[in-house]
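Participant: The following block contains a protein sequence and its predicted model.
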Amino acid sequence: MPDSHVRVENVTFSRGTRRIFDGVSLEIPHGKIVAIMGPSGSGKTTLLRLIGGQLKPATGKVWVEDKCVSTLDRNELFGLRRNMGMLFQSGALFTDLSAFDNVAFPLRIHTDMPEEMIRDLVLIKLQAVGLRGASQLFPSELSGGMNRRVALARAIALDPAMIMYDEPFTGLDPIAMGVVVQLIRTLNQVFGTTSIIVSHDLQETASIADIIYVIADGKLIGAGSPEELFKEESPRIQQFIKGLPDGPVPFHYPARDFKEELLEGGDW
């Protein structure tokens, strides 16, 4: 088994004329909780999509286990994803399916389990996120935070070796957030699950992460344990940790001179 569950090697990726990644390399070890952090728009979610094979890098390679994701055919990618769980930023539940059927969906697609076994597994996963009693409700009948918890139950339905969490703490009240943090930690400690967390919630993420990578301006600008990063003297890292609005990483999107544009007038 490779030492690294995921290896990102010198990856470049652009959207139009905007360079998202410019030679980014990082490794995610087996059985660790790894956080990907950085300012909004720095490409954190894009990195998850590259790992999952939804996107392909312009140059460089992304390896999951010993497989180069961008070279896999449809069937090979489908098989690889069976061992990946994904909690999408929006939850991405099927609106015409109940909470129960949303969680059952990957089990029905990827396995030949009888419905009796699927029923038991789905109830176990919903119990883990505190929503077994809401199993017959539809997404429109659930709050935003409850939708995300159902999405989390779906992400762990197959007991995948690796789970990617895109902003798992957004929209959760403090109690639900504590449950999710504990669940991520338990999956890691009991099952050795590799967890990749994209989050802006520094405090909660740092409390469980083994490694934090910080991305900005298309580059990897920091890496290490939470303790190491908090001691890092780099102005970029300090700006992110302290939440300073301006610094090496600009708050404003690149634009023309503000005064010049105001005085120019004219129509949009």
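Facilitator: Thanks, I have the structure now.

Participant: C-alpha from now on. contacts and neighbour counts both.
Facilitator: Will do.

Participant: Leaving out the residues flanking it, which one is nearest to residue 95?
Facilitator: Closest residue in space to residue 95, ignoring its immediate chain neighbours: residue 139 at 5.7 Å, by CA to CA, 6 or more residues apart in numbering.

Participant: could you list every residue that touches the one you found?
Facilitator: Neighbour list for residue 139: 93-99, 147 [criterion: CA atoms under 8 Å, 6 or more residues apart in numbering].

Participant: Residue 46 too?
Facilitator: Contacts for residue 46 (CA under 8 Å, 6+ apart) come out as residue 55.

Participant: Would you mind stating the distance between it and residue 64?
Facilitator: When distances are taken as CA to CA, to the nearest Å, residue 46 and residue 64 turn out to be 16 Å apart.

Participant: same deal with residue 260?
Facilitator: Note on residue 260: its distance to residue 64, by CA to CA, is 49 Å.

Participant: now residue 7
Facilitator: Relative to residue 64, and taking CA to CA, residue 7 is found at 7 Å.

Participant: got it, and residue 108?
Facilitator: From residue 108 to residue 64 the distance is 24 Å (CA to CA).

Participant: More neighbours: these two, which one.
Facilitator: When neighbours are counted by other CA atoms under 10 Å, residue 64 comes out ahead of the other of residue 108 and residue 64, with 20 against 14.

Participant: Just list whatever residues bridge to the more buried one.
Facilitator: Beta-bridge partners for residue 64, by DSSP bridges, are residue 6, residue 67.

Participant: Residue 210 and residue 224, how far apart?
Facilitator: For residue 210, the distance to residue 224 equals 8 Å [CA to CA].

Participant: Likewise for residue 169?
Facilitator: Residue 169 is 22 Å from residue 224, by CA to CA.

Participant: Looking at those two, which is more packed in?
Facilitator: Summary of the neighbour comparison: residue 169 and residue 224, criterion other CA under 10 Å, with residue 169 having more neighbours (25 against 16).

Participant: what about the residue lying closest to that one once chain neighbours are set aside, how many residues close to it?
Facilitator: In space, residue 169 comes closest to residue 177 once its chain neighbours are excluded; the distance is 5.9 Å by CA to CA, 6+ apart. For residue 177, the number of neighbouring residues by other CA under 10 Å comes to 18.

Participant: in the helix or strand of the chain with the lowest mean pLDDT, what's buried?
Facilitator: Between all helices and strands in the chain, the lowest mean by mean pLDDT, DSSP states H and E belongs to helix 235-242, at a mean of 74. Of the residues in helix 235-242, those buried by neighbour count under the rule 16 or more other CA atoms under 10 Å are 236-238, 240.

Participant: same question, stretch 115-123
Facilitator: Along stretch 115-123, these residues count as buried under the neighbour rule (16+ other CA under 10 Å): 118-119, 121-123.

Participant: can you put those in JSON lines and add pLDDT?
Facilitator: Output for these, formatted as JSON lines (pLDDT from 0 to 100):
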{"residue": "118", "pLDDT": "95"}
{"residue": "119", "pLDDT": "95"}
{"residue": "121", "pLDDT": "93"}
{"residue": "122", "pLDDT": "95"}
{"residue": "123", "pLDDT": "94"}
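
Participant: Please identify the one among these that lies nearest to residue 215.
Facilitator: Minimum distance to residue 215 across the buried residues of stretch 115-123 is 36.0 Å, recorded for residue 122 (CA to CA).

Participant: Which strands and helices lie in contact with the strand or helix carrying residue 118?
Facilitator: Taking DSSP states H and E as the definition, one finds residue 118 inside helix 115-128. When contacts are defined as 3 or more CA pairs under 8 Å, 6 or more residues apart in numbering; DSSP states H and E, helix 115-128 packs onto helix 99-110, helix 144-155.
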